[in-house]
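Participant: Just the structure for this:
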Amino acid sequence: MLIEITDTADPRLADFARGTDVLLKNGRGAHGLYIAESALVLERAMRAGHRVRAVLTLRDTVDDAAALVGPEVAVFTGSMELLAKLTGYELHRGLIASMERPALPNPADLLAAARRVVILENVVDPTNVGAIFRSVAAIGADAVLVTPGSSDPFYRRAIRVSMGTVLQVPWTRVGEWPATRRLLTTSGFHVAALTPATDAVSLRDFAANAPERVALVVGTEGDGLTPDALAAADTIVRIPMRHGIDSLNVAAAAAVAMWALS
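Facilitator: Model prediction:
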């Protein structure tokens, strides 16, 4: 259903009207909303079974949007200037869609069939969250667990940077470390904490005899893993470095470590 925008105050456009990620998460729908940006991300969201509420598109991408969502979903269109006034940003990828957030799965259910899991501890930059998802999805993570202090993987920038892989890799939130450690132990996981500490086990050596099930923990930008995360680990692991460099960006480190363990 194609609708030409003439008034940005139209109440049907409320999902797109300069809504922050936090407002979308907490203000609408049973579990909140998120924004899927680009036809590729929208397609992956729909393939994952997520419900589309509405689409906002530039005129030259109307046909792509309509082909994806069908006649029952409202497709709003207008000039780039009008859409930017509505949303607060330019639609460089042609379209955005408001999507209903799914309920997050139970962590124990995700772990039941998994062998390689990545845990994001307090990773606060949505760009890093998205980059981690894209890398570990491509390399072979079965699931991602996200601690309370980490940025939301459903934030628009995280989804965009991940190229929609946030919508493909199973993930969920976990609680504080004592309960998470018990869950991992019960599920048969060896917890490997990634850190630049010089007394840590080399990733090469760890990967050469890696346990059947590994939960790889990566920490926040700058400060790295918390003492609680290090205390919960079975093994402290480091990526060998040269030229006096002590660490990588958290997204790069997660990719390297997952490749070694894949």
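Participant: how far away is His50 from Leu56?
Facilitator: To Leu56, His50 is 17 Å away according to CB to CB, to the nearest Å. Glycine gets a C-beta too; all of them are placed from N, C-alpha and C.
Participant: same thing with Glu100?
Facilitator: 16 Å.
Participant: and the two? which has more neighbours close in?
Facilitator: Higher neighbour count among Glu100 and Leu56: Leu56, with 24 against 16, using other CB atoms under 10 Å.
Participant: if I've got this straight, the more buried one is in a strand?
Facilitator: Yes - checked against DSSP: H, G, I helix; E, B strand; the rest coil, Leu56 lies within a strand.
Participant: what's across from it in the sheet?
Facilitator: Phe76, Ile96 (DSSP bridges).
Participant: Do I have it right that it meets Asp10?
Facilitator: No - under the criterion of CB atoms under 8 Å, Leu56 makes no contact with Asp10, lying 11.3 Å away.
Participant: Could you list the low-confidence segments of the chain?
Facilitator: Across the chain, the ranges flagged by pLDDT under 70 are 22-23, 27-30, 244-247.
Participant: Now do the strands in it.
Facilitator: Along the chain, counting by DSSP state E, strands occupy 2-4, 33-37, 52-58, 74-78, 95-100, 116-120, 143-146, 171-173, 190-194, 201-202, 214-218, 235-238.
Participant: Make a markdown table from those and add distance to Asp21 to it.
Facilitator: Shown next, in a markdown table, are those (distance: least, CB to CB, whole Å):
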| stretch | distance to Asp21 |
| --- | --- |
| strand 2-4 | 25 |
| strand 33-37 | 8 |
| strand 52-58 | 16 |
| strand 74-78 | 20 |
| strand 95-100 | 12 |
| strand 116-120 | 17 |
| strand 143-146 | 15 |
| strand 171-173 | 16 |
| strand 190-194 | 27 |
| strand 201-202 | 38 |
| strand 214-218 | 22 |
| strand 235-238 | 32 |
